[in-house]
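J.: sequence-free structure coming up:
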Ligand SMILES: [Ca+2]
Ligand SMILES: [Ca+2]
């Protein structure tokens with residue numbers, strides 16, 4: 001086994017030494033979409049034209065390559081625009097000495113991709129977990145950091161582990177739930193039904209995306225049990241002490257290994273039981289997210305489950321009211337380590353909550369609130385910036401603007417479309433390179449990439465304006481292989497052949513399973529990678545020739561900064577993938 005792995009690594013290492021490569025979207029290109037492959041050479045070089053051949057080897061296009069600016073390890077880049085190839089089929093692109101992988105042009109290039117993401121969501125389930133076929137984390141949890149309720153047991157089993165640790169956050173889980181509901185609402189016929197409510201194989205008459213969203217909703221309901229108890233986080237980074245599996249999680253929170261996990265409420269005050277404190281000063285960032293997920297769900301369940309819909313409506317109204325009373329952020333709570341979710345914005349969350357409550361109730365006060373909140377943060381602040389703190393501006397794009405546009409009329413629609421445009425323009429202004437990428441490479445860069453592409457897609461739908469189409473496509477292509485490493489950032493998508501086989505995940509590592517559907521954190525600035533605590537590669541770096549620039553990516557279990565799958569980012573990508581997919585029925 002070990003010998004085999006070493007040979008495999010050696011072969012990949014040997015194969016990864018070319019002077020020039022052609023990077024493509026391995027999932028494929030839609031016939032009418034812009035189609036660009038990127039030529040990357042590790043030294044200065046020049047090419048003239050590129051050639052596209054079909055399956056028979058017949059040349060279908062020969063064109064001049066468009067020189068681009070260097071990017072990372074690619075000291076030479078050219079953009080190979082083959083948009084005019086619209087006939088469905090398989091192609092290869094040749095430029096200089098480089099040959100591309102198989103290029104797919106298909107109307108159904110994205111069919112089933114969003115359903116594939118759901119495999120990872122199911123694998124991340126707390127409560128009943130279909131991978132382990134047992135209930136995991138059965139003792140959740142005991143309230144901490146609350147002057148009146150500390151020590152109380154609250155029944156909050158369920159939801160999803162956030163990433164490869166087992167911490168759980170309302171911040172990310174409510175957004176994941178919202179996005180999956182939104183994806184279903186806008187594209188109900190693009191999702192399959194092949195799994196039941198427990199996540200086990202077998203259809204149950206419910207689209208699988210709704211099975212997954214409901215699993216999230218049930219946990220969110222438990223985390224907001226009454227108007228005076230709004231919980232925000234389950235577990236803390238003491239979880240990281242042990243490298244163990246969910247059913248045998250031996251984290252010790254002060255009352256013995258494998259016992260109850262701590263439950264953090266929103267308090268409106270800085271939190272942290274030990275040395276490190278966050279900067280919490282309110283409830284609204286969390287309250288708005290509860291309100292938006294509950295309100296949208298209530299609308300969707302009105303006919304199929306009126307009892308659940310009524311409960312969700314009451315909780316949406318209550319959560320929103322709390323957010324109005326207690327503006328400010330309710331951040332992730334650090335434990336022993338300095339890292340936590342440092343969300344600094346809350347008007348985006350209240351905007352989305354208000355928009356969904358307007359959709360649910362028809363009460364125009366909520367629409368006025370939504371427009372007011374929107375005007376206070378027109379652009380999600382990472383857009384156009386070099387850097388940001390960890391999850392400082394979350395969600396990564398503001399779905400609230402799109403939701404307002406769906407519901408409003410006249411000039412209000414133009415206003416929110418213009419807000420999106422300003423953010424897109426700020427990122428595009430930084431994208432003057434061969435890959436057309438303008439996001440900052442902070443931790444979880446793939447989430448920024450997916451959100452930029454989604455915002456650009458929504459803007460295009462809202463306005464018909466195609467001025468950011470090239471950048472939207474470049475961000476999408478990046479996620480599926482048009483990046484310096486030629487790696488699809490989602491594990492196990494059929495047709496996207498090159499992806500991570502050694503993610504930072506104890507489940508993948510110990511169980512020898514592939515985390516199908518998982519979106520990885522993605523490349524980071526090499527300066528970030530070098531300064532993280534306790535990070536090191538376990539194996540030789542098969543992508544070493546491409547890790548010489550300002551950003552790095554490693555397919556290595558030891559790299560928790562670039563190669564860790566992430567739940568909320570995976571869910572966030574589901575909207576765009578289903579919007580690009582054909583209807584199944
Ligand atoms: Ca189902
Ligand atoms: Ca926010």
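T.: Good, I have the coordinates. Bear in mind the structure is a predicted one, so any value in this text is a computation, not a measurement. Numbers count the residues shown, from 1 in each chain. Ligands and ions are numbered 1, 2, ... in the order given.
J.: need the residues of the stretch 201-350 of the chain near ligand 2, please.
T.: Residues of the stretch 201-350 of the chain found near ligand 2 (Cβ under 5 Å from the ion) are 285, 345, 348-349. C-betas here are computed from N, CA, C, even on glycine.
J.: Stretch 184-192 and ligand 1 in contact?
T.: No: taking Cβ under 5 Å from the ion as the criterion, stretch 184-192 and ligand 1 are apart, separated by no less than 7.9 Å.
J.: Give me the contact list for that stretch.
T.: Applying Cβ atoms under 8 Å, 6 or more residues apart in numbering, the external contacts of stretch 184-192 come out as 112, 114-115, 183, 207-210, 213, 296, 300, 575, 578-579, 581-585.
J.: quick one: which of the residues you listed sit in helices?
T.: Secondary structure from DSSP state H places 114-115, 183, 208-210, 213, 296, 300, 575, 578-579 of the contacts of stretch 184-192 in helices.
J.: Of these - the most surrounded one?
T.: If you count neighbours using other Cβ atoms under 10 Å, the busiest of these is residue 296, which has 30 neighbours.
J.: That one contacts residue 357, doesn't it?
T.: No: taking Cβ atoms under 8 Å as the contact criterion, residue 296 and residue 357 are not neighbours in contact, 9.7 Å apart.
J.: now this protein, which segments are flagged as low pLDDT?
T.: In the predicted model of the chain, residues 1-17, 585 satisfy pLDDT under 70.
J.: Closest one of the residues of the stretch 201-350 of the chain next to ligand 2 to ligand 1?
T.: residue 349 (29.2 Å; Cβ to the ion).
J.: what's the burial count for the closest one?
T.: Here the neighbour count serves as a burial measure; for residue 349 (other Cβ under 10 Å) it reads 30.
J.: before we move on, back to that, next, give me the two most distant ones among the ones in helices among the contacts of stretch 184-192.
T.: Using Cβ to Cβ, the two most remote members of the ones in helices among the contacts of stretch 184-192 are 115 and 296, lying 20.3 Å apart.
J.: measure residue 280 to ligand 1 for me?
T.: 37 Å (Cβ to the ion, to the nearest Å).
J.: actually residue 112, not the one I wrote
T.: Taking Cβ to the ion as the measure, residue 112 and ligand 1 are separated by 14 Å.
J.: For that residue, list the residues it contacts.
T.: Applying Cβ under 8 Å, 6+ apart, one finds that residue 112 lies in contact with 192, 494, 581.
J.: Ranking by neighbours, what's the top pick from those?
T.: Highest neighbour count within the contacts of residue 112: residue 581, with 21 neighbours (other Cβ under 10 Å).
J.: which of the residues in stretch 448-465 are buried?
T.: Using 16 or more other Cβ atoms under 10 Å as the test for burial, stretch 448-465 gives 448-460, 462-463.
J.: Next, see if that stretch gets close to ligand 2.
T.: No: residues of stretch 448-465 contacting ligand 2 under Cβ under 5 Å from the ion: none, with a closest distance of 12.4 Å.
J.: so what's whichever residue of the stretch 151-300 of the chain sits closest to ligand 2 up against?
T.: With Cβ to the ion, the shortest gap between the stretch 151-300 of the chain and ligand 2 falls at residue 285, namely 4.9 Å. Counting by Cβ under 8 Å, 6+ apart, residue 285 touches 171, 328-331, 343, 345-346, 349.
J.: quick revisit: and the buried residues of stretch 448-465, which is closest to ligand 2?
T.: The nearest member of these to ligand 2, counting by Cβ to the ion, is residue 451 at 12.4 Å.
J.: from what I can see the closest one touches residue 398, true?
T.: No: between residue 451 and residue 398 no contact is recorded; they are 9.1 Å apart, counting by Cβ under 8 Å.
J.: list residues touching both of those two?
T.: With contacts taken as Cβ under 8 Å, 6+ apart, residue 451 and residue 398 have residue 380 as neighbours in common.
J.: ok, residue 320 to residue 73 distance?
T.: Taking Cβ to Cβ, to the nearest Å as the measure, residue 320 falls 48 Å from residue 73.
J.: quick one, which of those two is more surrounded?
T.: Neighbour comparison, residue 320 and residue 73: the larger count goes to residue 320, with 25 against 20 (by other Cβ under 10 Å).
J.: leaving aside the residues next to it on the chain, what's closest to that one?
T.: Spatially, and ignoring its direct neighbours in sequence, residue 320 is nearest to residue 291 (3.9 Å; Cβ to Cβ, 6 or more residues apart in numbering).
J.: Show the backbone phi and psi for residue 51.
T.: According to degrees, to the nearest 10, the main-chain angles of residue 51 amount to phi -130, psi 140.
J.: what residues does this structure put near ligand 2?
T.: Contact residues, the chain versus ligand 2 (Cβ under 5 Å from the ion): 285, 345, 348-349.
J.: 6 Å instead, please
T.: Residues of the chain lying close to ligand 2 (Cβ under 6 Å from the ion) are 285, 343, 345-346, 348-349, 394.
J.: Next, work out how far apart the residue of the stretch 201-350 of the chain found nearest ligand 2 and residue 533 are.
T.: With Cβ to the ion, the shortest gap between the stretch 201-350 of the chain and ligand 2 falls at residue 345, namely 4.1 Å. Look at residue 345 and residue 533: by Cβ to Cβ, they are 27 Å apart.
J.: Also residue 115?
T.: Applying Cβ to Cβ, one obtains 37 Å for the distance of residue 115 from residue 533.
J.: same deal with residue 327?
T.: 34 Å.
J.: and the two? which has more neighbours close in?
T.: Here residue 327 and residue 533 are set side by side on neighbour count (other Cβ under 10 Å), and the busier one is residue 327, at 17 against 8.
J.: neighbours of residue 189, just the number please.
T.: Neighbour number of residue 189 under other Cβ under 10 Å is 12.
J.: Going by secondary structure, residue 371 is in what exactly?
T.: Counting by DSSP states H and E, the secondary-structure element that holds residue 371 is helix 364-376.
J.: List the buried residues of the helix or strand just after that helix.
T.: From helix 364-376 onward toward the C-terminus, using DSSP H and E, the following helix or strand is helix 399-407. For helix 399-407, burial by neighbour count (16+ other Cβ under 10 Å) applies to 399-405, 407.
J.: Helix 399-407 to helix 364-376, inter-axis angle?
T.: 130 degrees (axes from the mean of the first three to the mean of the last three Cα atoms, to 10 degrees).
J.: For the protein, which residues are neighbours of ligand 1?
T.: If contacts are counted using Cβ under 6 Å from the ion, the residues of the chain sitting beside ligand 1 are 193, 195-196, 203-204, 206, 208, 211.
J.: Out of these, which sit inside strands?
T.: Counting by DSSP state E, the residues of the chain next to ligand 1 place none of their members in strands.
J.: Next, give phi and psi for residue 226.
T.: Backbone torsions for residue 226, taken as degrees, to the nearest 10, come to phi -150, psi 170.
J.: burial count for it?
T.: For residue 226, the tally of surrounding residues (other Cβ under 10 Å) stands at 8.
J.: right, and the residue of the stretch 201-350 of the chain closest to ligand 2 touches residue 394 too?
T.: Yes: the pair residue 345 and residue 394 passes the contact test of Cβ under 8 Å, sitting 7.4 Å apart.
J.: Quick one: residues contacting the residue in the stretch 1-150 of the chain that ligand 1 sits nearest to.
T.: Here the stretch 1-150 of the chain gets closest to ligand 1 at one residue, residue 118, 9.6 Å apart by Cβ to the ion. The contact partners of residue 118, taken as Cβ under 8 Å, 6+ apart, are 195, 208-209, 212, 517, 574.
J.: do the same with residue 471
T.: Contacts of residue 471 were listed using Cβ under 8 Å, 6+ apart, and they are 424, 427-428, 431, 436, 438, 452, 456.
J.: any idea how far the closest residue to it other than its chain neighbours lies from residue 18?
T.: The spatial neighbour of residue 471 that comes closest, neighbours along the chain excluded (Cβ to Cβ, 6+ apart), is residue 428 at 4.9 Å. In this view, residue 428 and residue 18 are 30 Å apart by Cβ to Cβ.
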